[in-house]
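**Q** fold the following and give me the result.
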Amino acid sequence: MTTPVDLWGWAAALVHAAYWEHDHNCARTTLIALCEQAGINLPAVLWDAAAGMHGAGGYGAQCGLVEGMLLFLGWQGKHLGLPEDEVVQLCRAYAAGFEARFGSLRCAVLRPQGFPPELAGQHLCEGLTVEAVLFDLAFLQEACLLPR
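**A** Numbers count the residues shown, from 1 in each chain. All right, here's what the predicted structure looks like:
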């Protein structure tokens with residue numbers, strides 16, 4: 001795992017490359033970051049499941065940053081043998097924490113520009129994504145779901 005001193009730079013570089021070099025959506029970018037920090041290969045099923053998870057395909061519903069983390073929590077919780085009810089509680093606690101930190105779980109609020117055609121290909125949430133990845137990693141460390 002990356003040291004805390006290097007964490008912001010690592011996250012900023014990873015997010016920038018995921019968005020601008022590979023045109024990944026926010027949920028997939030989140031999954032890439034979390035799996036890298038967990039030292040695991042990103043499971044193909046999670047990659048596939050996250051295809052349209054950027055505000056519900058640009059509709060503006062639940063933020064893909066949240067969806068990516070929820071997918072990771074479910075998968076990692078199962079992988080570590082946590083009971084399902086504990087995973088559900090972690091997801092709930094994460095959603096509450098994300099909303100408290102960022103003000104909403106909705107893409108339409110977090111990305112108020114929406115997805116108009118003139119902004120196609122613009123990754124307007126790059127800074128937010130870096131902050132969300134760092135928030136996610138802190139949450140996972142606190143929940144003992146990442147190696148220390």
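
**Q** hmm, Gln113 is touching Leu124, no?
**A** Yes - using Cβ atoms under 8 Å, Gln113 is in contact with Leu124, at 5.8 Å. Placement of C-beta: from N, CA and C, glycine included.

**Q** between these two, who's got more neighbours?
**A** Leu124 (15 against 11; other Cβ atoms under 10 Å).

**Q** can I assume that one sits in a helix?
**A** No - with DSSP: H, G, I helix; E, B strand; the rest coil as the criterion, Leu124 is located in coil rather than a helix.

**Q** phi and psi next, for it.
**A** phi -70, psi -10 (degrees, to the nearest 10).

**Q** what about Leu146, how many neighbours?
**A** Quick note: Leu146 (other Cβ under 10 Å) scores 18 neighbours.

**Q** how close does the nearest residue to it once chain neighbours are set aside get to Gly77?
**A** For Leu146, ignoring the flanking residues on the chain, the nearest one in space by Cβ to Cβ, 6 or more residues apart in numbering is Leu140 at 4.5 Å. Using Cβ to Cβ, to the nearest Å, we find Leu140 at a distance of 11 Å from Gly77.

**Q** try Ala12
**A** From Ala12 to Gly77 the distance is 28 Å (Cβ to Cβ).

**Q** who has more neighbours, the two?
**A** Using other Cβ under 10 Å as the criterion, Ala12 and Gly77 rank with Gly77 on top: 20 against 16.

**Q** could you give the mean pLDDT of the helix or strand hosting that one?
**A** Using DSSP states H and E, Gly77 sits in helix 64-79. In this model, helix 64-79 has a mean pLDDT of 96.

**Q** perfect, I'm done here.
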